[in-house]
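Engineer: any chance you could fold what I've pasted below:
(one chain, ligands or ions: 3)
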Amino acid sequence: MDLILSSTSSSISHHKIFTGFSSKQDSRHGVEQFGSLNLKAMPEEKALVVTNGSSNNKIPHVLTMAGSDSGAGAGIQADLKTCAARGVYCSTVITAVTAQNTVGVQDVNILSEESVAAQLKSVLSDMHVDVVKTGMLPSTAMVKILLDSLKQFPVQALVVDPVMVSTSGHVLAGSSILDTFRQDLFPLADIVTPNLKEASALLGGLQLETVTDMRSAAKSLHDMGPRNVLVKGGHLPSSTYAIDIFFDGKDFYELRSSRIQTINTHGTGCTMASCIAAELAKGSSMLSAVKVAKRYVETALEYSKSIIVGNGSQGPFDHLFKLNRKKSSTQQLFDPSDLFLYAVTDSGMNKKWGRSITDAVKGAIEGGATIVQLREKEAETGEFLEAAKACLEICRAHNIPLLINDRVDIAMACDADGVHVGQSDMPVNTIRALLGPEKIIGVSCKTPEHALKAWADGADYIGSGGVFPTNTKANNRTIGLDGLETVCLASKLPVVAIGGINLSNAKSVMELGVANLKGVAVVSALFDQECVVTKTRKLHELLTETVANVGPAMV
Ligand SMILES: Nc1ncnc2c1ncn2[C@@H]1O[C@H](COP(=O)(O)OP(=O)(O)OP(=O)(O)O)[C@@H](O)[C@H]1O
Ligand SMILES: Cc1ncc(CO)c(N)n1
Ligand SMILES: [Mg+2]
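Structural biologist: Ligands and ions are numbered 1, 2, ... in the order given. Sure thing, here's the model as predicted:
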């Protein structure tokens, strides 16, 4: 997103460009642009009073007073989703129940004034509301009710989206409301956010066709009393950019984002306004709130440009894209039997044998490895990430889970299937909070206490060892087969044995025959070898044979 913020207030002639993050290229460009800004010339950004101090447990709170959209793209539903996405609590006062879908508006049922007044009172008399955001206000009486309520229960900021007509052309608030908007509501508003048609109606039918027209509209609307004005240009005929004009009474800012080629733009206006409200509730300055909202809408549209909801000509978008974007259709759900032959890479060994990490992973998978862990203790972050991405592609193609050793950041960045960590790495419950419920988390455990803690903290499996002495881990206490057995018997999680396991001793490990022991994890036995495929295949055969003899407890 580019935010070309140009001041045209006559006394100031600077031209400001902010750039967001539409594409990688834009973002790089943007940093330069941002860096070259004359910050002194910028209007001072004043943070609104933050009422949600971190010392208490108050969550930033937006109350939205708007209409319900049955299709859930706009109105109350958009506001709820936007606030949820931005981490803000949202209470609702419903002014009308509309029957809408992607084709248009089929019915509007305006609620009684008593009901609206009661809703306002219920919320405002009980809850601490930081910001009120209004959408569809279908009668002058409802505006008056709101103003009375705000007199009794003042809030930090009022965001007014003067909703009048749906994109499909259905009137949601008649022209009789214009005077009330202009005279009563706007003077109290911290920001008003009309689209082109609404700005035009509020200005007596003035034609608005260009960015220059939008600027003068913003100025005239500002004269009606709101502290700030955002004229939204979503409907401006431009195929390259979606341009809005923000005016704070002093400077004009041209907020420019890429125009996403999609029909899924229903509710962008409501979303923009509720995102501004959410950011204000968190304590943002108005300019920051508007910039964040613009970026949020652009990003949501980009993520949702191809989704299909309904058969009409204007679809909704996914406000909660953040929850979905990581989900990959080929992602592995954890299956304990995946621990059967667990291949752990080692960059030193691969270097020694002159193979790339991807060749090592390919070889292990071809030989029968059932899960792969990348353990790159020496690698630079960028290099590790690139290797992880390449290995993930291979693993996904073969339905083999890929875990990253220690580096939660790398796992997140490449969307790996999970991580394996040690006792002194990031705590498992913190990792779980970062990775979410579906990712695999494994922990190295030497004792029953470690094993129980791993289970309590939300791990999926434990690695237990070193079973035998090993070169790949210096100063690692060996627990022996006895120690492994003790941990397995205490563990509530599946266990993979690790440490010095190879073709000559793997049988003794699996012959322990204890429940929970699902397999062996190996490094040197696969990778400190000339041919990874052959060694993996041999180990796989040996394990399969041993397990067949030991019995079904193993798998
Ligand atoms: N295709 C698009 N790509 C990027 N941004 C867009 C696009 N369409 C609209 N926007 C942005 O979305 C925000 C809402 O603008 P718009 O003018 O569409 O409001 P609106 O008509 O009130 O929306 P609605 O009433 O459908 O909720 C603005 O910031 C606008 O620039
Ligand atoms: C309920 C409702 N509010 C606002 C809009 C404007 O998008 C809409 N279409 N429906
Ligand atoms: Mg709108």
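Engineer: by proximity to ligand 1, which residue of the stretch 301-450 of the chain wins?
Structural biologist: Scanning the stretch 301-450 of the chain for the residue nearest ligand 1 gives Leu301, at 5.0 Å (criterion: CB to the nearest ligand atom). Using the backbone N, CA and C atoms, a C-beta is placed for each residue, glycine as well.
Engineer: which strands and helices sit next to the host helix or strand of that residue?
Structural biologist: Element membership of Leu301, judged by DSSP states H and E, is helix 286-304. Secondary-structure packing of helix 286-304 (3 or more CB pairs under 8 Å, 6 or more residues apart in numbering; DSSP states H and E): strand 228-231, strand 241-247, strand 252-258, helix 268-281, helix 321-324.
Engineer: with mean neighbour count added, can I get those in TSV?
Structural biologist: Output for these, formatted as TSV (neighbours: other CB atoms under 10 Å):
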stretch	mean neighbour count
strand 228-231	28
strand 241-247	23
strand 252-258	24
helix 268-281	29
helix 321-324	13
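Engineer: output the ones you listed in CSV; the columns should cover distance to ligand 2.
Structural biologist: Converted to CSV, these look like this (distance: least, CB to the nearest ligand atom, whole Å):
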stretch, distance to ligand 2
strand 228-231, 15
strand 241-247, 15
strand 252-258, 18
helix 268-281, 5
helix 321-324, 19
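Engineer: can you report phi and psi for Leu236?
Structural biologist: phi -70, psi 130 (degrees, to the nearest 10).
Engineer: residues contacting the nearest residue to Asp528 once chain neighbours are set aside?
Structural biologist: Spatial nearest neighbour of Asp528, chain neighbours left out: Met349 (4.5 Å); criterion: CB to CB, 6 or more residues apart in numbering. By CB atoms under 8 Å, 6 or more residues apart in numbering, the contact set of Met349 is Val523, Ser524, Phe527, Asp528.
Engineer: show me which residues of this protein sit near ligand 1.
Structural biologist: Residues of the chain lying close to ligand 1 by CB under 6 Å from any ligand atom are 74, 167, 195, 232-235, 242, 244, 257, 259-260, 262, 265-270, 272, 294, 297-298, 301.
Engineer: buried members of those into ChimeraX, please.
Structural biologist: Those of the residues of the chain next to ligand 1 that count as buried under 16 or more other CB atoms under 10 Å are selected in ChimeraX with:
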select :74,167,195,232,233,234,242,244,257,259,260,265,266,267,268,269,270,272,294,297,298,301
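Engineer: how long is stretch 227-240 from one end to the other?
Structural biologist: Stretch 227-240 has an end-to-end distance of 30 Å (criterion: CA to CA, to the nearest Å).
Engineer: which residues are contacting that stretch?
Structural biologist: Residues outside stretch 227-240 that contact it (CB under 8 Å, 6+ apart): 189-197, 199, 208-211, 214, 217-218, 221-222, 242-249, 255, 258-259, 265, 268-269, 272, 276, 286, 290.
Engineer: could you point out which element follows the helix or strand of the chain with the lowest mean pLDDT?
Structural biologist: Lowest by mean pLDDT, DSSP states H and E among the helices and strands of the chain is helix 24-35, with a mean of 28. As assigned by DSSP H and E, the chain's next helix or strand after helix 24-35 is strand 61-69.
Engineer: how far does that next one sit from its chain's centre?
Structural biologist: 22 Å (CA atoms, centre = their mean, to the nearest Å).
Engineer: and Lys181, what does it touch?
Structural biologist: Not Lys; residue 181 is Phe. Per CB under 8 Å, 6+ apart, neighbours of Phe181: Val143, Val160, Pro162, Leu202.
Engineer: helix, strand or coil for the first one?
Structural biologist: Going by DSSP: H, G, I helix; E, B strand; the rest coil, the secondary structure assigned to Val143 is helix.
Engineer: grab the most central residue of the chain for me.
Structural biologist: Among the residues of the chain, the one closest to the centroid is Lys322, at 2.7 Å (CA atoms, centre = their mean).
Engineer: surely it touches Arg86?
Structural biologist: No. Taking contacts as CB atoms under 8 Å, Lys322 lies outside contact range of Arg86: 10.1 Å.
Engineer: enumerate every residue touching the closest residue to Glu302 other than its chain neighbours.
Structural biologist: Nearest non-adjacent residue to Glu302, counting by CB to CB, 6+ apart: Ile260, 5.4 Å away. Shown in contact with Ile260 (CB under 8 Å, 6+ apart): Ala242, Glu298, Leu301, Glu302, Lys305.
Engineer: can you tell me how far Ile260 is from Ser304?
Structural biologist: For Ile260, the distance to Ser304 (CB to CB, to the nearest Å) stands at 9 Å.
Engineer: do Ala199 as well
Structural biologist: As judged by CB to CB, Ala199 and Ser304 stand 26 Å apart.
Engineer: comparing those two, which shows the higher neighbour count?
Structural biologist: Ala199 (26 against 20; other CB atoms under 10 Å).
Engineer: helix or strand for the more buried one, which one?
Structural biologist: Per DSSP H and E: Ala199 is located in helix 196-202.
Engineer: what's next to that helix, contact-wise?
Structural biologist: Contacts of helix 196-202 (CB under 8 Å, 6+ apart): 162-165, 175, 178, 181-182, 194, 206-208, 214, 217-218, 221, 224, 231-236.
Engineer: same question, stretch 368-377
Structural biologist: The contact list for stretch 368-377 (CB under 8 Å, 6+ apart) reads 337-347, 357, 361, 364-365, 384, 387-388, 391, 395, 400-406, 420, 519, 521, 523, 526, 536-537, 539-540.
Engineer: can you turn the buried part of these into a PyMOL selection?
Structural biologist: Filtering these down to the buried ones (16+ other CB under 10 Å) takes a single PyMOL command:
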select buried, resi 338+339+340+341+342+343+344+345+346+347+357+361+364+365+384+387+388+391+395+400+401+402+403+404+405+406+420+519+521+523+526+536+537+539+540
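Engineer: so which of the contacts of stretch 368-377 sit within helices?
Structural biologist: Counting by DSSP state H, the contacts of stretch 368-377 place 347, 357, 361, 364-365, 384, 387-388, 391, 395, 526, 536-537, 539-540 in helices.
Engineer: hey, C-alpha coordinates of the strand or helix carrying Ala84 in PDB?
Structural biologist: According to DSSP H and E, Ala84 maps onto helix 75-85. Below are the C-alpha coordinates for helix 75-85, written out as PDB (Å, rounded to 0.1, in the frame of the first residue of the first chain):
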ATOM      1  CA  GLY A  75     -22.800  -4.100   8.900                       C
ATOM      2  CA  ILE A  76     -22.700  -5.500  12.400                       C
ATOM      3  CA  GLN A  77     -21.100  -8.700  11.200                       C
ATOM      4  CA  ALA A  78     -18.200  -7.000   9.500                       C
ATOM      5  CA  ASP A  79     -17.700  -4.900  12.600                       C
ATOM      6  CA  LEU A  80     -17.600  -7.900  14.900                       C
ATOM      7  CA  LYS A  81     -15.100  -9.700  12.600                       C
ATOM      8  CA  THR A  82     -12.900  -6.700  12.200                       C
ATOM      9  CA  CYS A  83     -12.700  -6.000  15.900                       C
ATOM     10  CA  ALA A  84     -12.000  -9.700  16.500                       C
ATOM     11  CA  ALA A  85      -9.200  -9.600  13.900                       C
END
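Engineer: ok now that helix, how far from the chain's centre?
Structural biologist: Mean C-alpha position of helix 75-85 versus that of the full chain (CA atoms, centre = their mean) differs by 15 Å.
Engineer: and what of stretch 478-487?
Structural biologist: With CA atoms, centre = their mean, you get 42 Å for stretch 478-487.
Engineer: contacts for it, please.
Structural biologist: Applying CB under 8 Å, 6+ apart, the contact partners of stretch 478-487 are 445-448, 450-451, 462, 464-469, 495, 497, 499-500, 508-509, 512, 514, 517.
Engineer: mind redoing it with 7 Å?
Structural biologist: The contact list for stretch 478-487, computed with CB atoms under 7 Å, 6 or more residues apart in numbering, reads 445-448, 451, 464-469, 495, 497, 499, 508-509, 512, 514.
Engineer: among the residues you listed, name the ones in strands.
Structural biologist: If you go by DSSP state E, the contacts of stretch 478-487 have Cys445, Ser464, Gly465, Val495, Ala497 in strands.
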